[in-house]
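Colleague: Turn this into a structure:
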Amino acid sequence: MRGTSSTSLREVTQRSQQLLGGADAPLERTAADLFSLADAIDSSNQLVRALSDGGRPAEVKQQVVRSLFEGKVGAPALELALEVVARRWSEQEDLLDALEQLGLESLLELADRQGVLGRVEEELFQVSRVIEDSPALSAALDDARDDTAAREGIVSRLFEGRIHALSVLLARRAVGRRTEAKPVRRLLDIAEIASERRRRLLAVVTSARPLSPEQQSRLEGILARVYGQAVQSNYEQDEDVVGGLRIQVGDDLYDATVLARLATARTRLVA
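Modeller: Sure thing, here's the model as predicted:
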């Protein structure tokens, strides 16, 4: 999000942290409620337009939300929905994305409190690889594009009992939401949010041959120096990688030669 939406998202995220900061906060229930709110609003173009209309008084939009959802979702989710519709959004879709992200953040906060945030991040990345590497699975998800329950059911059958329960919930949401983004992209986006919560960048490292632990450690050191912070690296193999190594960090894409030049330049600057 950019501009007005970015500011609004930051404000509602701060409010979410206040509401859900207690040790007994119903994080999983709140996440489920926020997802259901987003889906219900998304099911009506008229409702999306009405709630994202910056020219309509905030009180009017909040009253619409109360009339539709009060008593049907928990108090924290309702409060956050009221906060979201009271703010201005650059695009209609940004309002839905805000509700979605608040739900994702609730589950990731729960993972953090349980000490499994790093595991969840890694498992989401692995699930994305499983889908990308299986044409049959990708086709099954595409065939069920308009059937959220079917898409979520595919994920449950494949991964329940094999990955953490919170990873399953996040993966189900990643493939279940009606959006133009592919499931693999959605999974990686959520993994990126998890990585940001850990205050670490996420790098996807693709190599023609497996990297040794020593090579991985050296590469992560170079990335940390380039970005000025720790970088979480996920590794995959592709024999067709030109030059033997490709590194994707956010929107930045490097091959081995470019990365080496960056590291050298940085060393010279700080020497």
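Colleague: Just the buried residues of the helix or strand containing L141, please?
Modeller: L141 belongs to helix 135-143 when assigned by DSSP states H and E. The neighbour-count criterion (16 or more other Cβ atoms under 10 Å) identifies L137, S138, L141 as the buried residues of helix 135-143. All C-beta atoms are positioned from the backbone trio N, CA, C, and that covers glycine.
Colleague: Reformat those as JSON lines; add pLDDT and distance to I154.
Modeller: As requested, these are arranged in JSON lines below (pLDDT from 0 to 100; distance: Cβ to Cβ, whole Å):
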{"residue": "L137", "pLDDT": "93", "distance to I154": "7"}
{"residue": "S138", "pLDDT": "91", "distance to I154": "11"}
{"residue": "L141", "pLDDT": "89", "distance to I154": "6"}
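Colleague: Closest one of the residues you listed to R113?
Modeller: The nearest member of the buried residues of helix 135-143 to R113, counting by Cβ to Cβ, is L141 at 30.7 Å.
Colleague: Contact partners for the closest one?
Modeller: I131, R151, I154, V175, P183 (Cβ atoms under 8 Å, 6 or more residues apart in numbering).
Colleague: Residue ranges of each domain in this structure, please.
Modeller: Domains of the chain are assigned by automatic domain parsing as 1-113, 115-198, 201-270.
Colleague: Can you flag the weakest of those domains by average pLDDT?
Modeller: Mean pLDDT values for the domains of the chain show the minimum at domain 201-270, a mean of 76.
Colleague: rewinding a little: PyMOL command for the buried members of the contacts of L141?
Modeller: The PyMOL selection below is limited to those of these classed as buried (16+ other Cβ under 10 Å):
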select buried, resi 131+151+154+175+183
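Colleague: ok, A23 to E109 distance?
Modeller: 11 Å (Cβ to Cβ, to the nearest Å).
Colleague: Between these two, which is the more surrounded one?
Modeller: For the pair A23 and E109, the greater number of neighbours falls to E109 (20 against 5), based on other Cβ atoms under 10 Å.
Colleague: With just CA atoms, put whichever helix or strand comes after the helix holding L141 into CSV.
Modeller: As assigned by DSSP H and E, the chain's next helix or strand after helix 135-143 is helix 148-159. What follows is helix 148-159 as a C-alpha-only set of coordinates in CSV (Å, rounded to 0.1, in the frame of the first residue of the first chain):
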residue,chain,number,x,y,z
THR,A,148,-12.9,-21.4,-1.4
ALA,A,149,-13.8,-24.4,0.7
ALA,A,150,-12.5,-26.8,-1.9
ARG,A,151,-9.1,-24.9,-2.1
GLU,A,152,-8.8,-24.8,1.6
GLY,A,153,-9.7,-28.5,1.8
ILE,A,154,-6.9,-29.4,-0.6
VAL,A,155,-4.4,-27.7,1.7
SER,A,156,-5.8,-29.4,4.8
ARG,A,157,-5.7,-32.9,3.3
LEU,A,158,-2.1,-32.4,2.2
PHE,A,159,-0.5,-30.7,5.1
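Colleague: For the most centrally placed residue in the chain, pull up the helix or strand it's in.
Modeller: If you average the C-alpha coordinates of the chain and look for the closest C-alpha using Cα atoms, centre = their mean, you land on I190, 2.0 Å from that point. Taking DSSP H and E as the criterion, the element that holds I190 is helix 183-197.
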